[in-house]
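*Asks:* build the 3D model from these lines:
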Amino acid sequence: MSTSWRERALERNRESNSRYFAELADPPSSDDAYEEELRRHWLEAARHYDPQATLSEELIVRLRGEVAERGVLDFRVGDALLKPLRDGVAAAARKDVELELTGLSHGSTVLHVRPKVENSEEEGGLGRVDSSPADPAMRDLLKLVNAVENEQDVRQWERIIPGLDGVVEALDKFDLSMEMRWHSVDGTVRSSNLSSRGKSYVRSLRELMTYRSRLAVAGTITELRMSGVVKVKTGTTRQSKAYDVHIEPDNLMEMHLELGMPVSFLIEVVKKKDQLGRERSTEYRFVRVAESQDGLFET
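*Replies:* Alright, predicted model coming up:
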């Protein structure tokens, strides 16, 4: 029985790899570089027999820690980890990218994940394409992980950080660290490692700084809450800004405010921002009734 083209391609690939690495003056600089050369040689050998042959893309996630040493995965780990990982990739791609768990292997616990492939009749006639929507997104995610591992400025990847933050929360919950290796359809191999150092850096980005300022606002009371909140709307249109002004309940009772009453308040604006300058909360606190000499009112 004649051998299949895949068997012939494998043999051709083995011979090509042996010749290539034997002729190199210097060995590949890293495991990623070595594996990348192997994948690209395989693709070249496969296309000798089938011009439409392609490589598959895959993300290999190696979990390290006491929970992972058993080589099994608690469902809680998978649920907690895969969603923020998907969210990070989707944010990097600026579109929804579904991930599929395709396998689980040993060596600690190793997850094999791939982007879900959408087949369509329109794509069928486009021919071979050595790229995918997930590829640049995965590379950006790994660049971000390398940056946090080295405690570098990560603001250029700001849109991906919430996903990575969720990954770190999941890893922290089960006392795990993580290694990732991305195999792209063009043969490229990229790796990153998220250790306790990188996780600590991500956690530090959540730390909040408080910023305070004062503002005079004038408008009409549209809502009163006994908990101590007065909503002041600064205009009559739907687009007019409204402020939920916090007043101590005892003071609120003494002020005898009513719905529809015009008021002028001097308020303290309390903003909390994380280490990347992202605003996490804003609160408006009553200081006193404002007079005209306090300056222009917010309208």
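
*Asks:* could you use CA atoms for every contact and neighbour count after this?
*Replies:* Fine.

*Asks:* these two touch, right, Thr210 and Val269?
*Replies:* No - counting by Cα atoms under 8 Å, Thr210 sits too far from Val269 to count as a contact (10.2 Å).

*Asks:* compare the two (neighbour count), which wins?
*Replies:* A direct count of neighbours by other Cα atoms under 10 Å for Thr210 and Val269 places Val269 higher, at 16 against 12.

*Asks:* ok, and the more buried one, which helix or strand is that part of?
*Replies:* Per DSSP states H and E: Val269 is located in strand 262-273.

*Asks:* hmm, who's touching the helix or strand following that strand?
*Replies:* Note on strand 262-273: by DSSP H and E, the next helix or strand toward the C-terminus is strand 279-289. Strand 279-289 is contacted from outside by 243-247, 263-274, using Cα atoms under 8 Å, 6 or more residues apart in numbering.

*Asks:* repeat that for 10 Å
*Replies:* 206, 208-218, 229-230, 243-248, 251-252, 255, 263-274 (Cα atoms under 10 Å, 6 or more residues apart in numbering).

*Asks:* mean confidence for it?
*Replies:* Across strand 279-289, the average pLDDT comes to 96.

*Asks:* return the distance of that strand from the chain's centre.
*Replies:* Relative to the centre of its chain, strand 279-289 is centred 30 Å away, using Cα atoms, centre = their mean, to the nearest Å.

*Asks:* same deal with stretch 78-90?
*Replies:* On Cα atoms, centre = their mean, the centre of stretch 78-90 falls 8 Å from that of its chain.

*Asks:* coming back round to it: quick one: list the elements packing against the strand holding Val269.
*Replies:* strand 209-225, strand 229-233, strand 242-246, strand 279-289 (3 or more Cα pairs under 10 Å, 6 or more residues apart in numbering; DSSP states H and E).

*Asks:* mind checking the ones you listed for the one nearest to Asp74?
*Replies:* Each of these was scored for nearness to Asp74 using Cα to Cα, and the closest is strand 279-289 (32.5 Å).

*Asks:* and that closest one, what's buried?
*Replies:* 284-287 (16 or more other Cα atoms under 10 Å).
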